[in-house]
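Novice: requesting a structural model of the entry that follows:
(2 chains)
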Amino acid sequence: ETGVTQSPTHLIKTRGQQVTLRCSSQSGHNTVSWYQQALGQGPQFIFQYYREEENGRGNFPPRFSGLQFPNYSSELNVNALELDDSALYLCASSSAGTDTQYFGPGTRLTVL
Amino acid sequence: AQSVAQPEDQVNVAEGNPLTVKCTYSVSGNPYLFWYVQYPNRGLQFLLKYITGDNLVKGSYGFEAEFNKSQTSFHLKKPSALVSDSALYFCAVRDKTNQAGTALIFGKGTTLSVSS
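Specialist: The predicted structure follows:
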């Protein structure tokens, strides 16, 4: 069974640029959630995708957007990057109707 | 507002001694509670969860947690700590106000340091 994978591992961007992060869900999981973990903080929920549609959102502005593909993989897009967007971005997958999310290793984004 | 608190930034324990990592929560209704562990430069690994039933929940790597409704707590425990248990531990509660059925609210995390 393949776990949750994310790419890239690390990314450095400049303020104002756009970034796309990718996630492949664990085999058999059809729901993907994205979290932002700032340094020294717990993860914060960004949004969740199920059946290729956004299924709930946390307190993040619209410049954070996403996609889910038919194979359940997902992308997180962030436009107009700000310095405060520097964080570890975590993807988590789960099966609809179950309670446990399984996390990937994360993508470390640095905005200069 | 729903929230999770981990009152200790760091817990230090000697190898072989019992360990406790504390967590309290604030949520309306019955909580769905989780513990995750994070090793350096790694994602979060699921340890255990409480949904309903027995207040003592057993999880991975010998960890267990005790749900206490009257104290709104869900402390993580292990009878005998290992050096390899040293990591960052997060308590989380399901956000019942979010449309997303499984959105989690995390605490700030507690660093566990086990000395040999």
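Novice: the residue in chain A positioned nearest to chain B in helix, strand or coil?
Specialist: Among all residues of chain A, A:G56 sits closest to chain B, at 2.4 Å; criterion: C-beta to the nearest C-beta. Backbone N, C-alpha and C define where each C-beta goes, glycine included. The three-state label given to A:G56 by DSSP: H, G, I helix; E, B strand; the rest coil is strand.
Novice: for the worst-scoring helix or strand of chain A on mean pLDDT, name the packing helices and strands.
Specialist: The helix or strand of chain A with the poorest confidence is strand A:53-57; it has a mean of 92 (mean pLDDT, DSSP states H and E). If contacts are counted by 3 or more C-beta pairs under 8 Å, 6 or more residues apart in numbering or on different chains; DSSP states H and E, strand A:53-57 sits against strand A:44-50.
Novice: apart from its chain neighbours, what residue comes closest to the residue in chain B that chain A sits nearest to?
Specialist: Nearest to chain A in chain B, going by C-beta to the nearest C-beta, is B:A100, at a distance of 2.4 Å. The spatially closest residue to B:A100, leaving aside those adjacent along the chain, is A:G56, at 2.4 Å (C-beta to C-beta, 6 or more residues apart in numbering or on different chains).
Novice: what sits against the one you found?
Specialist: Going by C-beta atoms under 8 Å, 6 or more residues apart in numbering or on different chains, A:G56 touches A:F47, A:Q48, B:N98, B:Q99, B:A100, B:G101, B:A103.
Novice: again, but for A:E75
Specialist: Contacts of A:E75 by C-beta under 8 Å, 6+ apart are A:T20, A:L21, A:R22, A:C23, A:G66, A:L67.
Novice: settle this for me: the fifth one is touching A:N55, isn't it.
Specialist: No: in this structure, A:G66 is not within contact of A:N55 by C-beta atoms under 8 Å, at 10.5 Å.
Novice: show me the beta-bridge partners of A:R108.
Specialist: When bridges are called by DSSP bridges, A:R108 pairs up with A:H10, A:L88.
Novice: residues contacting it?
Specialist: With contact set as C-beta under 8 Å, 6+ apart, A:R108 has these partners: A:T9, A:H10, A:L11, A:A87, A:L88, A:Y89.
Novice: and what of A:L109?
Specialist: A:L11, A:I12, A:K13, A:V19, A:L21, A:V78, A:D85, A:S86, A:A87, A:L88, A:Y89.
Novice: quick check, B:S84 in a helix?
Specialist: Yes: judged by three-state DSSP, B:S84 forms part of a helix.
Novice: with adjacent residues omitted, what lies nearest to it?
Specialist: With C-beta to C-beta, 6+ apart, the residue lying closest to B:S84 is B:V114, at 7.8 Å.
Novice: can you tell me the element that neighbour falls in?
Specialist: B:V114 belongs to strand B:110-115 when assigned by DSSP states H and E.
Novice: much appreciated, bye for now.
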